[in-house]
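[1] give me the fold of what follows.
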Amino acid sequence: MVRLKEIAAVAGVSVMTVSKALRNKPDLSAATKERIRKLAADMGYVPDISAQQLRSRTTRLLGLVISASTNPINARIVMAIEERAHELGYDLILTHTLNRPEREEAVLRRLIARRVDGLFITPVYRFEKSSPAYEELSRHGIPTVILGHRAPFCQQYPAIETDDVAASAAATRHLLELGHRRIVFFAGPMVAPWAQLRLEGYRRAHRDAGVPLDDKLMFNAGSTIEEGSAAALQFMQERSDATALQCAHDLTAIGAVDTLLNQGWRVPQELSVVGFGNILTSEFFRVPLTTVRQPKLRLGAIAMDVMMKLLRGEPAQSHRLPAELVIRASTAPPPATPR
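    Residues are numbered from 1 along each chain as shown. Below you'll find the predicted structure:
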């Protein structure tokens, strides 16, 4: 490994001068700094990050805790955070919880031990109001930003989220304005705040329109393709007179539509379908999906802006971003006679 004194010997300057040039100190001329930096690069010099961290008492590391990289909602948020972090000289440690509380606890403790400067967390939602790992996080005072809606155990941190109530209500309102009055709702896991809020948006749009709600039209459908498919099979067995289906997640919508089509249903001629999330597959699915577009890149960029405020010791607020309805081929007026 090339050391500073070797660069100094070749450059004919002191070790202190080399150190100042590589740290871009102002008391050297631009020409001198450029000459020494080029020489260091040519000699293959790699800075000792550990030594820099000891001097600055920072690691320039940020922890990023998500459910899984396979969740398409996460992908663009992670991309936006990583791109901005790179520009600012930070590296990310990406970890997965797989939606398991015990794994989340272990991941957070490992990141605390790595002395990360800050943390982005998509929480593993559960009904408990406290979490030992989050309490430990608070004791260490690590700047933390929640990606999504806060749960009781992480209320103390700023959150970057979508206005799910308004967005879900807009999706329901679209179906009501097309003439649908019997709208099935495939709900997400009720332990998750986003699922509760999207169900509330569905209910609110019905109340605002003066359309009665029927609890028999609400199904637990989770947040995966497989769960959406299973809910669709249950829906078909119920022999409901519904003419539209609203899903709390694009993946459940895709699973449901795929199953319906395979069972001979026509979408949207017999059943209109709306999703939530606008993942890439929704636009290019067998029937392009009407859905809610979440501003995923903007969510990630704002999350990084909030993190930088926290790292500077400044107060930071939560942000709730609007989402927009994207109308595609999966919705249409109801059939004259329900299936």
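[2] every contact and neighbour count from this point should use C-alpha atoms.
    OK.
[3] measure the residue most central in space within the chain to Val145 for me?
    What sits nearest the mean C-alpha location of the chain, by CA atoms, centre = their mean, is Asn74, with 4.2 Å. Note on Asn74: its distance to Val145, by CA to CA, to the nearest Å, is 15 Å.
[4] test my guess that the residue nearest to the centre of the chain contacts Ile66.
    Yes - between Asn74 and Ile66 there is a contact at 7.4 Å, judged by CA atoms under 8 Å.
[5] so Pro152 makes contact with Lys129?
    Yes - the criterion here is CA under 8 Å, and Pro152 meets it with Lys129 at 5.1 Å.
[6] which residues of the stretch 51-200 of the chain fall in helices?
    72-87, 101-113, 132-140, 164-178, 193-209 (DSSP state H, counting those that start in this stretch).
[7] save those helices as CSV, and put in distance to Val13 and mean pLDDT too.
    Shown next, in CSV, are those (distance: least, CA to CA, whole Å; pLDDT from 0 to 100):
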stretch, distance to Val13, mean pLDDT
helix 72-87, 31, 93
helix 101-113, 40, 94
helix 132-140, 43, 90
helix 164-178, 61, 98
helix 193-209, 61, 97
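[8] for those, give me a markdown table that also has distance to Asn24.
    Shown next, in a markdown table, are the helices of the stretch 51-200 of the chain (distance: least, CA to CA, whole Å):
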| stretch | distance to Asn24 |
| --- | --- |
| helix 72-87 | 17 |
| helix 101-113 | 30 |
| helix 132-140 | 32 |
| helix 164-178 | 47 |
| helix 193-209 | 47 |
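[9] of those helices, which stretch is the most buried?
    Mean neighbour count, computed with mean count of other CA atoms under 10 Å, is highest for helix 164-178 among the helices of the stretch 51-200 of the chain, reaching a mean of 21.
[10] what does that helix rub up against?
    Around helix 164-178, the neighbours that count as contacts under CA atoms under 8 Å, 6 or more residues apart in numbering are 183, 194, 197-206, 244, 246, 248, 272, 274, 276, 291-292, 322-325, 331-334.
[11] if we go to 6 Å?
    Leu197, Arg198, Gly201, Tyr202, Ala205, Ala323, Pro333 (CA atoms under 6 Å, 6 or more residues apart in numbering).
[12] and the fifth one, how far is that from Val274?
    Translated: Ala205. Taken as CA to CA, the span from Ala205 to Val274 is 14 Å.
[13] kindly report the same for the last one.
    Pro333 sits 13 Å away from Val274 when distances are taken as CA to CA.
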